[in-house]
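K.L.:
Pasting a predicted model and its sequence here:
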Amino acid sequence: MAHWDLAAVLVALAALLFTDTGGKVILSILRLRKWIWPDHARCELLSWNDIPDGRLHDCSGYCYHWSVHSRRQDCWESTLSLIFNRAWVLRSHRPKFAKKPEQLAFGRRFLRTDVETVLAFILSTVGERKSSEWDTSRLRFGGTAVSFEECHGVLVLHLRGNFRTERVNLTKHEVQMMLQGYPPFYREVVTLKHGPYVPHPIRDERDIERGGWIIAAGFSDNTLPLALYTLPNQAEDSNDSYIYRQNAIPFRNAVKRVLAVLTDIILVKFPEDQVRDVIKAVDHMVVNGTGSGVPIFSRSSGVPGGSFHQLTGQQCALAMKIFNDFRPLTMEQENQLRPVLSQVLNAAFRGSYDVIQYLKDTGRQLVLPKLLKDYRHDPIYLRDCEYDDK
């Protein structure tokens, strides 16, 4: 009899849920729950806009870049907090909170962020060269992995990855520009080993397919390109494009621009064997998509007489401008270029070589999965792994 009485009570309660009164009771309970446990009704906030300008990471004092990702609450403190530590310190002084969506578990903690911050995390943690084990469609790049799923109209992610020491000088502006299609060699300034530095020659997206940044790459020995690049306005590189060396067409077009400037601008004013030799070398790279087997020169020796150690910043800027503008040389430019012609030719050769080899052996296009594209301008939520299966 007792079982029948209990069953009757349960049926009555179930029926109540489908009445106006029952719905009001449930809403009242939910509101009361949020009032009793307010921390469970909100989540902390760290967005791309919260990250200050300048370096993403501050290495002043004791700094460590690697940690074991353990199954724990707030595990983003071992990923985002290490990488964007400048922003994290500011956040700790002035924490920001956002209302937690109803779709997310009330008793679990989440961090509200955005796709831009997650992409910056990927660029800061991924390895130095592409691997056959990388799965770009699932955002898995060796030790760097982003898992994601949609939960009733809310995108939830989990991050794994360690900051790469080689990225310690990356700035917010540099990452933002590379996410907009700037080449992975891009840095705000071009710095030579012996000290001179000048602003990078890319001024807007039109310069991506021009030759100035190729010359910049040739001048700079200390710029290690990121292993991932983005092409927001281009179709996704197919597997065949890597095999046949036709990936990253805008970057390859920049090397073609170098060849065109050498042939149509430089050779006209300086019809010398050294210029013709560099033209042959760059033409070989453009046609074959590789620096291997380049005639005459090698990457280690470069163009004879092409040492950069006496170049001034003004001379570097002139060379990058010539390869950006693709205009006949003025008399003044011709006179300025003549004493440093070998160095400029060396930069054209080395920059073309480094970019072509990068596209062949090192780089891979970062393509956003459809879910992340759909949420590109919406809030997304990081979960921790406290309750993940072991």
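P.N.:
Good, I have the coordinates. Numbers count the residues shown, from 1 in each chain.
K.L.:
check contacts around residue 165.
P.N.:
Neighbour list for residue 165: residue 65 [criterion: C-beta atoms under 8 Å, 6 or more residues apart in numbering]. Where C-beta positions appear, they are placed from N, C-alpha and C, glycine not excepted.
K.L.:
oh sorry, the question was meant for residue 156
P.N.:
104, 110, 148, 149, 150, 380, 381, 382, 383.
K.L.:
so where does it fall, helix or strand?
P.N.:
Assigned by DSSP states H and E, residue 156 falls within strand 154-160.
K.L.:
Now that strand: average pLDDT?
P.N.:
Here strand 154-160 scores 94 as its mean pLDDT.
K.L.:
What about the contacts of residue 156, which one has the most neighbours?
P.N.:
residue 382 (26 neighbours; other C-beta atoms under 10 Å).
K.L.:
part of a strand, is it?
P.N.:
Yes. Counting by DSSP: H, G, I helix; E, B strand; the rest coil, residue 382 is located in a strand.
K.L.:
Return the residues in contact with it.
P.N.:
76, 80, 110, 111, 112, 113, 156, 157, 158, 159.
K.L.:
is it true that the first one touches residue 111?
P.N.:
I take that to be residue 76. Yes. Residue 76 lies in contact with residue 111 (C-beta atoms under 8 Å); the separation is 5.3 Å.
K.L.:
So which residue is smack in the middle of this structure?
P.N.:
With distances taken as C-alpha atoms, centre = their mean, the residue of the chain nearest its centroid is residue 123 (4.0 Å).
K.L.:
And it, how far from residue 297?
P.N.:
32 Å (C-beta to C-beta, to the nearest Å).
K.L.:
contact partners of the helix or strand harbouring residue 198?
P.N.:
Secondary structure from DSSP H and E places residue 198 in strand 197-199. By C-beta under 8 Å, 6+ apart, the surrounding residues in contact with strand 197-199 are 188, 189, 190, 191, 313, 314, 316, 317, 320.
K.L.:
State the mean pLDDT of the next helix or strand after that strand.
P.N.:
Sequence order places helix 212-219 as the next helix or strand after strand 197-199, per DSSP H and E. Helix 212-219 carries an average pLDDT of 96.
K.L.:
If you count contacts, what does helix 212-219 end up packed against?
P.N.:
When contacts are defined as 3 or more C-beta pairs under 8 Å, 6 or more residues apart in numbering; DSSP states H and E, helix 212-219 packs onto helix 249-261, helix 313-325, helix 341-357.
K.L.:
Which SSE is immediately downstream of that helix?
P.N.:
With elements assigned by DSSP H and E, the helix or strand that comes after helix 212-219 is strand 228-229.
K.L.:
so what strands line up beside that following strand?
P.N.:
strand 364-365 (parallel) (DSSP bridges).
K.L.:
quick one on the thing from earlier: list the buried residues in the strand holding residue 156.
P.N.:
154, 155, 156, 157, 158, 159, 160 (16 or more other C-beta atoms under 10 Å).
K.L.:
isn't the fifth one right up against residue 385?
P.N.:
Yes. Judged on C-beta under 8 Å, residue 158 makes contact with residue 385 at a distance of 6.1 Å.
K.L.:
Give the residues shared as contacts by these two.
P.N.:
Residues touching both residue 158 and residue 385 (C-beta under 8 Å, 6+ apart): residue 75.
K.L.:
The contacts of residue 382 into CSV, with extra columns for distance to residue 87?
P.N.:
Output for the contacts of residue 382, formatted as CSV (distance: C-beta to C-beta, whole Å):
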residue, distance to residue 87
76, 12
80, 8
110, 18
111, 12
112, 14
113, 11
156, 21
157, 18
158, 20
159, 15
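K.L.:
Outline the domain layout of the protein.
P.N.:
If you go by automatic domain parsing, the domain ranges for the chain are 41-184+368-390, 192-362.
K.L.:
which stretches of the protein have low pLDDT?
P.N.:
Filtered on pLDDT under 70, the chain yields the residue ranges 1-40, 61-64, 66-68, 70, 92-93, 386-390.
K.L.:
which stretches of it form strands?
P.N.:
Using DSSP state E, the strands of the chain run over 42-45, 97-99, 110-113, 140-141, 144-151, 154-160, 189-191, 197-199, 228-229, 364-365, 380-383.
K.L.:
Tabulate these in CSV, adding columns for distance to residue 279.
P.N.:
Output for the strands of the chain, formatted as CSV (distance: least, C-beta to C-beta, whole Å):
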stretch, distance to residue 279
strand 42-45, 55
strand 97-99, 57
strand 110-113, 49
strand 140-141, 37
strand 144-151, 40
strand 154-160, 47
strand 189-191, 24
strand 197-199, 25
strand 228-229, 27
strand 364-365, 29
strand 380-383, 49
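K.L.:
Of those, which is nearest residue 168?
P.N.:
Residue 168 lies closest, by C-beta to C-beta, to one member of the strands of the chain: strand 189-191, at 14.7 Å.
K.L.:
Does anything pack onto that closest one? Which helices or strands?
P.N.:
By 3+ C-beta pairs under 8 Å, 6+ apart, strand 189-191 packs against strand 197-199.
K.L.:
wait, residue 230 sits on residue 364?
P.N.:
No. Using C-beta under 8 Å, residue 230 is not in contact with residue 364, being 10.6 Å away.
K.L.:
For residue 305, see how far away residue 266 is.
P.N.:
16 Å.
K.L.:
List the buried residues in stretch 129-146.
P.N.:
In stretch 129-146, counting by 16+ other C-beta under 10 Å, buried: 130, 134, 136, 139, 141, 144, 145, 146.
K.L.:
Using PDB, write out every CA atom in that stretch.
P.N.:
Provided in PDB are the C-alpha atoms of stretch 129-146 (Å, rounded to 0.1, in the frame of the first residue of the first chain):
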ATOM      1  CA  ARG A 129      57.100  22.800 -37.400                       C
ATOM      2  CA  LYS A 130      54.100  20.900 -38.800                       C
ATOM      3  CA  SER A 131      53.600  17.200 -38.100                       C
ATOM      4  CA  SER A 132      51.800  14.500 -40.000                       C
ATOM      5  CA  GLU A 133      50.000  13.800 -36.700                       C
ATOM      6  CA  TRP A 134      48.400  17.300 -36.600                       C
ATOM      7  CA  ASP A 135      44.700  17.300 -37.200                       C
ATOM      8  CA  THR A 136      43.700  20.900 -38.000                       C
ATOM      9  CA  SER A 137      40.000  20.100 -38.400                       C
ATOM     10  CA  ARG A 138      39.900  19.100 -34.700                       C
ATOM     11  CA  LEU A 139      42.500  21.700 -33.500                       C
ATOM     12  CA  ARG A 140      44.900  19.000 -32.300                       C
ATOM     13  CA  PHE A 141      48.600  20.000 -32.800                       C
ATOM     14  CA  GLY A 142      50.600  17.500 -30.800                       C
ATOM     15  CA  GLY A 143      50.800  18.800 -27.200                       C
ATOM     16  CA  THR A 144      48.400  21.600 -28.100                       C
ATOM     17  CA  ALA A 145      44.700  20.500 -28.200                       C
ATOM     18  CA  VAL A 146      41.400  22.300 -28.100                       C
END
